[in-house]
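Trainee: with the sequence up front, the predicted model follows.
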Amino acid sequence: MNIQNLNADELKQLQTLLNKMNPSTEKTYLDPVNKMIDEIMDEFNFAQVQYVMEYLNWKWVGEKVTMDMLRETAGRLLRDAAKLRLGDYKDTHWEQGIICGTGGFQAMAFCNEDKTKITGLDLIFVLAGWDAKIED
């Protein structure tokens, strides 16, 4: 077989078959993430966040924030935090949560000790914060 004669679809099919023959030995489990995200999306008080944002005339990119925008952003941040915790930030200590945030939302993901499974997700809406340190 000469792979140079294959079209783009045939190359994709070949790559899929080759990937199935040589699966990655390290698995990352994201299935529980969807369940946690669904629970957060069902229980989080998005209406309260929207009320506060309207009261403060808080806008995103100059637009009035809708419930759909809030829910979409929160879901994206939760998924991103989970992926980053098991991906780019896998080398950080397993007890440390990874935060993704924007527009007042902060999503945090936690993993198990061997860093193969998300064990917890948090979503908060922050109006203000401050940090200070004393260096020895």
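Mentor: Everything's here; your move.
Trainee: what residues sit buried inside the longest helix along the chain?
Mentor: Secondary structure of the chain per DSSP state H: the longest helix is helix 67-86. With burial defined by 16 or more other Cβ atoms under 10 Å, the residues of helix 67-86 counted as buried are 69-70, 73-75, 77-86. Heads up, the C-betas are built off the backbone N, CA and C, glycines and all.
Trainee: just confirm residue 107 is within a strand.
Mentor: Yes. Residue 107 forms part of a strand when assessed by DSSP: H, G, I helix; E, B strand; the rest coil.
Trainee: ok, what's across the strand from it?
Mentor: In this entry, residue 107 is beta-bridged to residue 100, residue 123, by DSSP bridges.
Trainee: next up, the contacts around the closest residue to residue 44 other than its chain neighbours.
Mentor: For residue 44, ignoring the flanking residues on the chain, the nearest one in space by Cβ to Cβ, 6 or more residues apart in numbering is residue 123 at 5.7 Å. The neighbourhood of residue 123, defined by Cβ atoms under 8 Å, 6 or more residues apart in numbering, consists of 40, 44, 74, 77, 78, 105, 106, 107, 108.
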